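> Got a sequence here, can you build the structure:
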Amino acid sequence: MGRVQGLLTDLYELTMAAGYFQAGKAGQRATFELSLRRLPAHRSYVLAAGLEQAIEYLLELKFTPEGIEYLKGLPVFSRAPAAFFDCLREFRFTGDVWAVEEGTPLFAGEPVLRVSAPLLEAQIPETFLLSTMTFQTLIATKASRMVEAAGGRGVIEFGTRRAHTPQAGTLGARAAYIGGCIGTSNVEAGYRFHIPVFGTAAHSWTLAFDSEAEAFARLQELLGENTVYLVDTYELETGVENAAAVEGSFWGIRLDSGDFLAESRVARRILDRAGCRQARIMASGDLNEHRIAELTAAGAPIDCFGVGTELATSADAPSMGSIYKLVEIERKGRLRGAAKFSPDKSTLPGAKQIFRFRDHDVVGLAEENFPGATPLLVPVMHAGARLGERIPLGQIRQQAQRRLAEIPSACRRLEDPAAFPVLLSERLQALAAEVRSAELKTLDSKRA
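Numbering: from 1, shown residues only. Purely as a prediction, here's the structure:
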């Protein structure tokens, strides 16, 4: 990732940091959790992704001299002590992080990541952590739905040109691969993350030659058996016939518009009649998981689907109710539970753990133990350093497919998916009641 500019955050993270410093609280130990308050629409699970970029961010986070000078010039910092800016100049993340491994299905109300660090260090990363983990989790989840709908046919991520930025397209390709896509059209993602890349030519290639047949022959000279012919620039049947007539083996053809069910059947007949039974058919253009499911159920002879806009933007559910909240704060030398109790936005106190059983999860306190359950949050950083080796993306992808298969199929339905049971431990509920009672007593004493 390279050096990260500390200004890539919301202003209030830094005004709070200055306030903590001025109040003498910057070094107090604190625990924050990134959790799923609500799932995206029509989802009963999400597939965790983005942890690698979160770790890289925390490892590299710094404030540059130029950035600090910019902050000094903002009116909101006119009363900040000079020593605060010295603190930013030396800033490094020195805390501990626990997180759910990428490729793990999660459910509403569950923590994804836990940060324990001096208060100032734990506060500043909020914006970046929420952004990178929420976005990649959304895309990985969307991809997993499309892969489920494809029923064993390949799904390829084609979305960078439709993504909100090229950078989002590259990380979206990474997340889509975790979600089960077989590859991407994004060459940068292929290079950085070792994802298989797909794609040969667009309609402009065919239009640039005097005839479709010449365009296909020239493409074959260059790409050989890797050639994918885009056959619907002019007229479908002629396009497929021209592809089949080119000498030499080729990967297959691509359909980019029209009635994919009818046209794939026509294309398959022409290819088989010409002796090109090994040639594959790819469909792309305004596809989503529902359309893919319809084509799969109808028996369309399509071998793989290329998906762009719907996948790169998670078009039907482009946001998610993820939160980053303080759950513990050091007071008088002890870590004490912290929570908010505002309507519809309440949180639970204490450092937590997810305990996964075969048919349900229990969210409990980190120190609890449930025989037979698998704790999902694992330590990934200690004292500001990474723990363990970076996990290869292909291994994360395989893990995602295995863990998705372990949750009930009813939870993976595209329509009206069943909820996976998530319970709160008795000790967590007791702590929440204790913290709430203490806060109410404090309020009552102030009113009196």
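> Around residue 290, how many other residues sit close by?
Using other Cβ atoms under 10 Å, the number of residues around residue 290 comes to 15. To be clear about C-beta, it is placed using only N, CA and C from the backbone, and glycine gets the same treatment.
> Need the three-state assignment for it.
Following DSSP: H, G, I helix; E, B strand; the rest coil, the label given to residue 290 is helix.
> Setting aside sequence neighbours, what's the nearest residue to it?
Spatial nearest neighbour of residue 290, excluding adjacent residues (Cβ to Cβ, 6 or more residues apart in numbering): residue 414 at 6.3 Å.
> Residue 67: neighbour count?
16.
> Tell me how far it lies from residue 85.
Residue 67 sits 10 Å away from residue 85, going by Cβ to Cβ, to the nearest Å.
> What of residue 193?
37 Å.
> Is the residue nearest to residue 182 when sequence neighbours are not counted bridged to anything, and to what?
Of all residues not flanking residue 182 in the chain, residue 154 sits nearest, at 4.2 Å (Cβ to Cβ, 6+ apart). Applying DSSP bridges to residue 154 gives these bridge partners: residue 304.
> What residues does residue 154 make contact with?
The neighbourhood of residue 154, defined by Cβ atoms under 8 Å, 6 or more residues apart in numbering, consists of 181, 182, 183, 303, 304, 305.
> 7 Å - rerun?
182, 303, 304 (Cβ atoms under 7 Å, 6 or more residues apart in numbering).
> can you redo these as TSV with neighbour count?
Listed next are the contacts of residue 154 as TSV, based on neighbours: other Cβ atoms under 10 Å:
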residue	neighbour count
182	18
303	17
304	20
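> from those, which is closest to residue 205?
Nearest to residue 205 among the contacts of residue 154 is residue 304, at 20.2 Å by Cβ to Cβ.
> returning to that earlier point: roughly how far apart are the residue nearest to residue 182 and residue 143?
12 Å.
> Likewise for residue 78?
Separation of residue 78 from residue 143 (Cβ to Cβ): 47 Å.
> out of these two, which sits in the busier spot?
Taking neighbours as other Cβ under 10 Å, residue 78 and residue 143 compare with residue 143 leading, 29 against 8.
> Over to the more buried one: give its phi and psi.
When read as degrees, to the nearest 10, the backbone of residue 143 gives phi -60, psi -40.
> got a list of what it touches?
155, 175, 176, 179, 180, 181, 311.
> can you check residue 427 too?
364, 365, 368.
> Run through the bridge partners of the second one.
In this case it means residue 365. Using DSSP bridges, the beta-bridge partners of residue 365 come out as residue 352.
> from now on call the first residue 23
New numbering, starting at 23: the last item is residue 387.
> Tell me where the stretch 323-470 of the chain has strands.
326-329, 343-353, 356-359, 374-378, 383-387, 396-397, 399-404, 407-408, 444-446 (DSSP state E, counting those that start in this stretch).
> Can you say which of these is nearest to residue 36?
strand 343-353 (15.2 Å).
> What lies in contact with the closest one?
50-60, 148, 151-152, 156, 357-361, 369, 371-373.
> Okay, buried residues for that strand please.
Neighbour counts over strand 343-353 (16 or more other Cβ atoms under 10 Å) mark 344, 345, 346, 347, 348, 349, 350, 351, 352 as buried.
> returning to that earlier point: now the contacts of strand 343-353: which count as buried?
Of the contacts of strand 343-353, these count as buried by 16+ other Cβ under 10 Å: 50-58, 148, 151-152, 156, 357, 359-361, 369, 371-373.
> Give me the nearest residue to residue 299, chain neighbours excluded.
Per Cβ to Cβ, 6+ apart, closest to residue 299 is residue 293, 7.1 Å.
> Can you name the residues that contact the one you found?
By Cβ under 7 Å, 6+ apart, the contact list for residue 293 reads 262, 266, 301.
> Wait, a helix at the first one?
This means residue 262. Yes: according to three-state DSSP, residue 262 belongs to a helix.
> and it, how far is that from residue 245?
18 Å.
> of these two, who's got more company?
Between residue 262 and residue 245, counted using other Cβ under 10 Å, the more crowded position is residue 262 (26 against 16).
> how near is the more buried one to residue 276?
11 Å.
> next one: residue 69
Residue 69 is 28 Å from residue 276, by Cβ to Cβ.
> With residue 139 instead?
50 Å.
> What of residue 306?
6 Å.
> neighbour count winner among those two?
Neighbours were counted for residue 306 and for residue 276 using other Cβ under 10 Å; residue 276 has more, 25 against 20.
> which residues does that one bridge with?
residue 252, residue 304.
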